[in-house]
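> Predicted model, plus sequence, below.
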Amino acid sequence: MHWEIRQPKDSDISFIYATWLNSYHYDSWTKQIQKSIFFDNYKLVIDEILNNSKIKIACTKIDQDIILGYLVYDEPHILHYCFVKQDFRRFGIANSLVADSIDTKSPITITHRTKSILSLLEPKKNISFNPFKLYKGV
């Protein structure tokens with residue numbers, strides 16, 4: 001599997017919204033919230049994060065429009081969300097997105113805790129979960 005990491009394009013944003021909402025709803029505690037309530041309201045949270053954060057896209061080398069995954073983060077060590085398409089997990093794509101974007105030598109703060117992100121970051125001991133980092137000044 002060969003991929004590269006690039007900056008986001010405007011055309012990537014709808015993919016990010018759809019996959020973030022779906023995957024977070026099913027891979028975290030939020031599945032306890034009725035789907036329509038969660039989607040309508042959490043989209044507003046994602047709006048705010050995307051307006052104030054950085055994004056990296058993992059795509060195929062052959063066609064940069066084929067997205068394999070993405071990372072939403074704030075430098076130097078805040079990870080908001082990482083997503084990789086199901087069929088492309090376990091190839092190291094998420095690890096390469098994190099290594100390309102986050103200072104992993106320092107403590108990392110995650111703002112969205114999912115089963116998937118915990119398995120990715122589990123070997124690293126310097127991880128903390130702090131959803132309040134979504135709010136500036138915390």
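Nice, thanks for sending it over.

> How many neighbouring residues does Gly99 have?
For residue 99 the amino acid is Ala, not Gly. Neighbour count for Ala99, taken as other Cβ atoms under 10 Å: 12. No exception for glycine: its C-beta is placed from N, CA and C like everyone else's.

> I meant to write Asn130 there.
Neighbours of Asn130 (other Cβ under 10 Å): 12.

> Give me the distance between it and Asn41.
To Asn41, Asn130 is 21 Å away according to Cβ to Cβ, to the nearest Å.

> cool, and Phe83?
Taking Cβ to Cβ, one finds Phe83 at 20 Å from Asn41.

> more crowded one of these two?
Using other Cβ under 10 Å as the criterion, Phe83 and Asn41 rank with Phe83 on top: 26 against 10.

> Mind telling me what element the more buried one is part of?
Per DSSP states H and E, Phe83 falls inside strand 78-84.

> can you give me the strands for this structure?
3-6, 54-60, 67-74, 78-84, 108-110, 127-129 (DSSP state E).

> who does the second one pair up with?
Spelled out, that is strand 54-60. In its sheet, strand 54-60 lies beside strand 3-6 (antiparallel), strand 67-74 (antiparallel), with partners assigned from DSSP bridges.
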